[in-house]
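**Student:** here is the input, now give the coordinates:
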Amino acid sequence: MSVATGAVTDALRELHTRYSGVGEGALADYIPPLTHADPGAFGLALISMDGHRYGVGEADVPFTVQSVSKPFVYALALSLLGLDEVCRWVNAEPSGEAFNAISLERGTGRPANAMVNAGAIVTTALVPDTPRAPRFGRILDCLSRFAGRRLDVDEEVYASEAATGDRNRALAYLIRSTGPLPVDPVAAVETYFRQCAVRVTALDLAAMAATLAHGGVNPLTGDRVVPEPVAAQVLAVMATCGMYDASGDWLLRVGLPAKSGVSGGLIAAGPARFGLAAYSPLLDAAGTSVRGRLAIGKLSERLGLHLMHNPALAGSTVTLVTTAAGLPAAPAGARERARRERVAVAAAQGALDFTAAERVLYALDEAGTGRTGAVVLDLVRVTDIDTVARAMLRGGLARLDADGRRTAVADPDGRLYAPGEETGAPRCFASREEAVAWCAETAVG
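**Tutor:** Numbering: from 1, shown residues only. Just a heads-up that it's a prediction; the model follows:
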């Protein structure tokens with residue numbers, strides 16, 4: 001297991017173990033095929049802005065996207081028509097009601113927002129439909145680009161939704177009766193049913209959330225799926241409306257833009273940080289995955305991810321990933337160069353938080369994979385390390401040491417290990433050169 005995988009995946013695995021035994025909640029039963037889901041299924045996935053993928057449990061088990069499709073189709077409509085035009089048809093105010101409530105503006109019939117079913121049906125209808133670019137083809141292509149791979153439709157679930165979706169049809173006709181539905185209600189709802197039946201995995205959803213968090217650029221493929229202003233607009237609506245009548249409590253306690261679905265999917269986005277997803281089909285009264293809600297909430301608390309608490313620190317980055325032999329100060333002798341070739345070096349600068357620590361750990365792993373027996377973490381130019389990042393870096397270095405690799409830290413200001421905390425810590429030095437020299441002399445192999 002790599003260092004980065006260890007630091008982040010271990011956190012996900014601990015949460016998976018902690019909540020796997022939770023048996024509260026019930027399977028959604030108004031779409032018959034959803035009652036066939038495994039009630040014990042539980043997967044967690046996280047994708048960073050650098051495209052690093054982490055998953056535990058049933059993170060690659062397919063299920064239908066259901067209402068988690070709503071923010072992404074909303075993004076498509078915003079990209080094609082612009083915010084002002086979309087807001088003519090769909091408002092952006094929290095409804096304070098359930099996902100299938102009749103949340104329509106008095107006098108106009110305009111749905112409260114694009115996250116409730118009424119608003120999502122109108123949003124789907126706003127996507128242009130032409131012979132060369134059919135509406136659903138546009139939607140499926142958009143969802144696939146967000147996921148970073150070609151998605152498909154679960155035809156059984158689609159057929160079941162079409163056979164049992166009378167309430168959504170009623171919503172569409174009610175909206176049409178007041179004027180603001182731009183297409184035939186039957187056509188709008190049938191496309192909406194097919195959109196909800198698209199198959200995804202938790203890893204797909206993490207990539208989709210990460211694309212919104214990354215300003216509309218998929219961190220796995222580099223594809224700009226939507227413009228940056230659109231990604232920001234969608235995240236804003238997710239933050240205020242994505243969890244329906246539980247949106248306020250979610251934002252208060254968890255502090256991340258999120259969206260739930262009745263098949264058990266749940267996404268959360270940390271802007272400029274990560275995309276996070278859970279899959280577990282046992283739902284609470286609000287239609288949210290019970291295990292997913294618990295796990296994401298605890299992860300946000302543990303890693304300090306709440307948007308309103310300790311915002312992302314500026315200027316944090318990995319500045320160097322190499323072996324010591326590639327540094328200008330490498331000795332000229334062949335024996336010395338060979339020794340230094342066995343030392344990996346990763347350097348960081350600025351202020352380190354969760355996002356920066358994940359990058360540093362990944363860089364350590366990339367620098368040392370299969371080539372080195374020792375690792376130097378250079379923190380000379382680091383100005384601050386928050387509590388979460390400190391714990392992650394210490395854990396990563398401890399894992400390297402447990403794997404039999406020498407570790408040293410260039411940390412002149414004692415930011416990672418304060419005086420009195422040296423027991424069990426790697427050797428700390430005032431400069432990178434001293435740390436490299438010590439590792440070169442003692443590296444295994």
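
**Student:** what about the closest residue in space to Arg427 that isn't next to it in sequence, neighbour count?
**Tutor:** Using C-beta to C-beta, 6 or more residues apart in numbering and skipping the chain neighbours, the partner closest in space to Arg427 is Ala408 (4.7 Å). Where C-beta positions appear, they are placed from N, C-alpha and C, glycine not excepted. Residues contacting Ala408 under the criterion other C-beta atoms under 10 Å number 25.

**Student:** how about Ala408, secondary structure?
**Tutor:** Three-state call for Ala408 (DSSP: H, G, I helix; E, B strand; the rest coil): strand.

**Student:** test my guess that it contacts Glu433.
**Tutor:** No: using C-beta atoms under 8 Å as the test, Ala408 is too far from Glu433 to be in contact (11.2 Å).

**Student:** re the thing from before, what's opposite the residue nearest to Arg427 in the beta bridge?
**Tutor:** Val376, Arg427 (DSSP bridges).

**Student:** which residues touch stretch 434-445?
**Tutor:** For stretch 434-445, the surrounding residues in contact (C-beta atoms under 8 Å, 6 or more residues apart in numbering) are 324, 327, 329, 336, 339-340, 342-343, 345, 372-376, 378, 404-406, 408-410, 427, 429.

**Student:** among those, which ones are buried?
**Tutor:** 324, 336, 339-340, 342-343, 345, 372-376, 378, 405-406, 408-410, 429 (16 or more other C-beta atoms under 10 Å).

**Student:** quick one, helices of the stretch 101-250 of the chain?
**Tutor:** Listed in chain order, the helices of the stretch 101-250 of the chain (DSSP state H, counting those that start in this stretch) span 117-126, 135-147, 155-164, 166-178, 185-196, 202-213, 228-241, 247-253.

**Student:** among the ones you listed, show me which one is buried the most.
**Tutor:** helix 202-213 (a mean of 30; mean count of other C-beta atoms under 10 Å).

**Student:** could I have that one exported to CSV, CA atoms only?
**Tutor:** Once non-C-alpha atoms are left out, helix 202-213 reads as follows in CSV (Å, rounded to 0.1, in the frame of the first residue of the first chain):
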residue,chain,number,x,y,z
ALA,A,202,-19.2,5.5,-5.8
LEU,A,203,-15.9,6.1,-7.5
ASP,A,204,-17.8,7.6,-10.5
LEU,A,205,-19.7,9.9,-8.1
ALA,A,206,-16.5,10.9,-6.4
ALA,A,207,-15.1,11.9,-9.8
MET,A,208,-18.3,13.8,-10.6
ALA,A,209,-18.2,15.7,-7.3
ALA,A,210,-14.4,16.3,-7.8
THR,A,211,-15.1,17.9,-11.2
LEU,A,212,-17.4,20.4,-9.6
ALA,A,213,-14.9,21.0,-6.8
